[in-house]
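>>> test case, fold it:
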Amino acid sequence: MVVTSNWEEVQEHIKPEYDQKSELKAFDDTKTGVKGLVDAGVTKIPCIFIHDKSQLNDSVASLFSVPIIDLEGVDKGSAQRAGIIEKVRDACEKFGFFKVVNHGIAKYIMDEMIDGIQRFHEQDIEVKKGFYTRDFTRRIVYNSNFDLYTGLATNWRDSIYCIMAPQPRDPQELPAVCRYDAHDMML
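Numbers count the residues shown, from 1 in each chain. So this is what the prediction gives:
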């Protein structure tokens, strides 16, 4: 979520003694992320989340659409595969992300992944804190804003990610609410 407003108006409400680094650290030290602010009943968006409108590029945002990569036929020949690889490269270089269609992952599996992420974020704070880290060498990371201390602005988001390759995770390392019993899943 990006919060924008009249920057001069925001500056008037920021106390002269406002120390962004201290506020970022205090926020990070809670290890509860944005969801922790919401659960605590925050009624005013903290200054660290208010973006200077001059940093936003309205012209790019108005032209923006998410690149869609269609994987259908990726295994049908080298020319088709090369074309898809080029589209992925282009999307990564120009946008940093893309949407994939015709990837062969069943809808029920994607739905369960989304449900697992929701269960993770809705669980007890103390359980989530066990995964909260800024150590990006860990293979399971939960935090708010991977670039919290280096980015131009703080985004209203929390993330969890699990590195699954080249060596798959032992399922017991995953948060309990994100695991599934293979016997319960129909493949």
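
>>> state the distance from the residue positioned nearest the centre of the chain to F120.
Of all residues in the chain, the one closest to the mean position by Cα atoms, centre = their mean is S159, 4.3 Å from it. According to Cβ to Cβ, to the nearest Å, S159 and F120 sit 10 Å apart. (Each C-beta comes from the backbone N, C-alpha and C, glycine too.)

>>> swap in L148?
19 Å.

>>> now the strands for the chain?
Secondary structure of the chain (DSSP state E): strands at 68-70, 99-101, 140-143, 159-162.

>>> ends of stretch 146-161, how far apart?
End-to-end distance for stretch 146-161, by Cα to Cα, to the nearest Å: 11 Å.

>>> re the thing from before, for M110, find the nearest of the strands of the chain.
Counting by Cβ to Cβ, M110 lies closest to strand 99-101 out of these; the figure is 10.8 Å.

>>> from the chain's centroid, how far away is that closest one?
Relative to its chain's centre, strand 99-101 lies at 17 Å (Cα atoms, centre = their mean, to the nearest Å).

>>> before we move on, what about stretch 38-53?
18 Å.

>>> below-threshold pLDDT in this structure: ranges please.
1-16, 54-64, 181-187 (pLDDT under 70).

>>> hang on, the earlier thing: ok, L148 and F120, which is more surrounded?
More crowded of L148 and F120, by other Cβ atoms under 10 Å: F120, with 20 against 16.

>>> touching, R179 and P171? I think so.
Yes. The criterion here is Cβ atoms under 8 Å, and R179 meets it with P171 at 5.3 Å.

>>> need the overlap of contacts for those two.
Contact criterion Cβ atoms under 8 Å, 6 or more residues apart in numbering; residues shared by R179 and P171: none found.

>>> burial check on G33, number of neighbours?
G33 has 25 nearby residues by other Cβ under 10 Å.

>>> that one: what's it in contact with?
G33 touches 128, 132, 142-144, 158, counting by Cβ under 8 Å, 6+ apart.

>>> put the alpha carbons of stretch 90-109 into PDB.
In PDB, the C-alpha atoms belonging to stretch 90-109 read as follows (Å, rounded to 0.1, in the frame of the first residue of the first chain):
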ATOM      1  CA  ASP A  90      12.600  -8.500 -20.400                       C
ATOM      2  CA  ALA A  91       9.900  -8.500 -17.600                       C
ATOM      3  CA  CYS A  92      12.600  -8.900 -14.900                       C
ATOM      4  CA  GLU A  93      14.800  -6.100 -16.300                       C
ATOM      5  CA  LYS A  94      12.000  -3.600 -17.000                       C
ATOM      6  CA  PHE A  95       9.500  -4.400 -14.200                       C
ATOM      7  CA  GLY A  96      11.100  -6.700 -11.600                       C
ATOM      8  CA  PHE A  97       8.100  -9.000 -11.600                       C
ATOM      9  CA  PHE A  98       5.500 -10.700 -13.800                       C
ATOM     10  CA  LYS A  99       2.500 -12.900 -13.700                       C
ATOM     11  CA  VAL A 100       2.800 -16.500 -15.000                       C
ATOM     12  CA  VAL A 101      -0.100 -18.300 -16.700                       C
ATOM     13  CA  ASN A 102      -0.400 -21.900 -18.000                       C
ATOM     14  CA  HIS A 103       2.300 -23.000 -15.500                       C
ATOM     15  CA  GLY A 104       0.600 -26.300 -14.800                       C
ATOM     16  CA  ILE A 105       0.100 -25.800 -11.000                       C
ATOM     17  CA  ALA A 106      -3.400 -26.800 -10.000                       C
ATOM     18  CA  LYS A 107      -5.700 -24.100  -8.800                       C
ATOM     19  CA  TYR A 108      -6.300 -25.900  -5.500                       C
ATOM     20  CA  ILE A 109      -2.600 -25.900  -4.700                       C
END
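
>>> all set, thanks.
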